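1. Next comes the sequence, and after it the predicted model I'd like to discuss.
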Amino acid sequence: MKKNNMRSIAIIAVIIAIIIAALGWYNYVLKQQLVKIPPEIAKKMKEKFGNKDRTMDKIRDHLVELQFPINSFTSITDDIKTHPNKESYTLRVYFIQITPDFLSKYPDFGAKLEYNEKLYIAFQYVDEHNKKVGDPFLYNKHGKKYYIVKEFEELHNAYLGKIKPKIDPLVPVTPPNKKNTEYVKIDVKDLIVYINKINKYFIDKPYYDLKFIIFELAESAISNKRIGQDGYLTFINSVYVDRPYSLDLVIEDLSDYDMNSLCPPTCP
């Protein structure tokens, strides 16, 4: 009789353990679930920023396509791949301005005519205590990676001093946050889920040649779940595919995901 009772208790314990593990996995998945912006909302966000009478026209001379090969983007976490606490990290995406000095130092980055004094983005990982992890870096449109330890401050300050003042009056921000975006934040745990989603697409649809990702500038007002109706400069990701006998086409399943929170207003 005692053996039967012990066996029953053991079985119940195993069942409870399975339930707890399942609930833990379920919560883990929920916490890392990406939020897809409805296509009509994403379109409005891009159009609002791009209205020729407002922001786009004022900074037209500073615009360049923020395009990177998809393989560069999916390897963006390689520097922290072996870090045991990487899922507690944040990837900061800083708006910068490409300067003549930078292009002189790195002549293979791109043509001066195309990039000089243009709005661009650079990346920096920080840990859960907002301490920098590794060095800041950026990519050119061909996917070459540049570590910019000495140049980063100059490039970010150029954006803050020359481009951001043109954006601030045009993208409405509710007081007391009278500043616009200095950098965008992406939780690494969300970034990993998104990269895995892209990699799975490669496997499930091998006949598609995923080509590049573009960060399209937009106003965060209308939909951003983290900051309500305030307008801030942000970006929306779009992944393109190169299909035989056709033009480059956007992959809807991999585009328009809301992974971003912004500083301001949520700093650091």
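-> Here it is on my side, so go on.
2. Which secondary structure elements does the helix or strand hosting residue 240 sit against?
-> Take DSSP states H and E as the rule and residue 240 turns out to sit in strand 233-242. When contacts are defined as 3 or more Cβ pairs under 8 Å, 6 or more residues apart in numbering; DSSP states H and E, strand 233-242 sits against helix 39-50, strand 209-219, strand 248-250, strand 260-263. C-beta here means a position set from N, CA and C on the backbone, and glycine is covered the same way.
3. looking at the ones you listed, which has the lowest confidence?
-> Lowest mean pLDDT within the helices and strands packed on strand 233-242: strand 248-250, at a mean of 75.
4. Now the element after that strand, going C-ward?
-> That would be, after strand 248-250 and using DSSP H and E, strand 257-258.
5. chain center to the strand holding residue 240, what's the gap?
-> The chain centre lies 9 Å from the centre of strand 233-242; the measure is Cα atoms, centre = their mean, to the nearest Å.
6. in it, what counts as buried?
-> Neighbour-count burial for strand 233-242, counted by 16 or more other Cβ atoms under 10 Å, picks out 233-241.
7. so can I have TSV of those residues showing distance to residue 196 and pLDDT?
-> Below are the buried residues of strand 233-242 laid out as TSV (distance: Cβ to Cβ, whole Å; pLDDT from 0 to 100):
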residue	distance to residue 196	pLDDT
233	28	79
234	23	83
235	21	83
236	20	85
237	15	86
238	18	86
239	14	87
240	19	82
241	18	73
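8. Give me the angle between the strand holding residue 240 and strand 209-219.
-> Interaxial angle, strand 233-242 versus strand 209-219 (axes from the mean of the first three to the mean of the last three Cα atoms, to 10 degrees): 160 degrees.
9. Nearest to residue 129, out of the helices and strands packed on strand 233-242?
-> Comparison of the helices and strands packed on strand 233-242 against residue 129 by Cβ to Cβ identifies strand 260-263 as nearest, at 15.9 Å.
10. so what's the backbone phi/psi at residue 192?
-> When read as degrees, to the nearest 10, the backbone of residue 192 gives phi -60, psi -40.
11. What is the burial count for the residue nearest to it when sequence neighbours are not counted?
-> Among residues not flanking residue 192 along the chain, residue 77 sits closest, at 6.5 Å (Cβ to Cβ, 6 or more residues apart in numbering). By other Cβ atoms under 10 Å, the residues close to residue 77 number 17.
12. Was I right to think residue 77 contacts residue 191?
-> Yes. If you go by Cβ atoms under 8 Å, residue 77 and residue 191 touch, sitting 6.5 Å apart.
13. just checking, what packs against the strand or helix carrying residue 199?
-> Using DSSP H and E, residue 199 sits within helix 188-204. Secondary-structure packing of helix 188-204 (3+ Cβ pairs under 8 Å, 6+ apart): helix 70-74, strand 90-97, strand 209-219.
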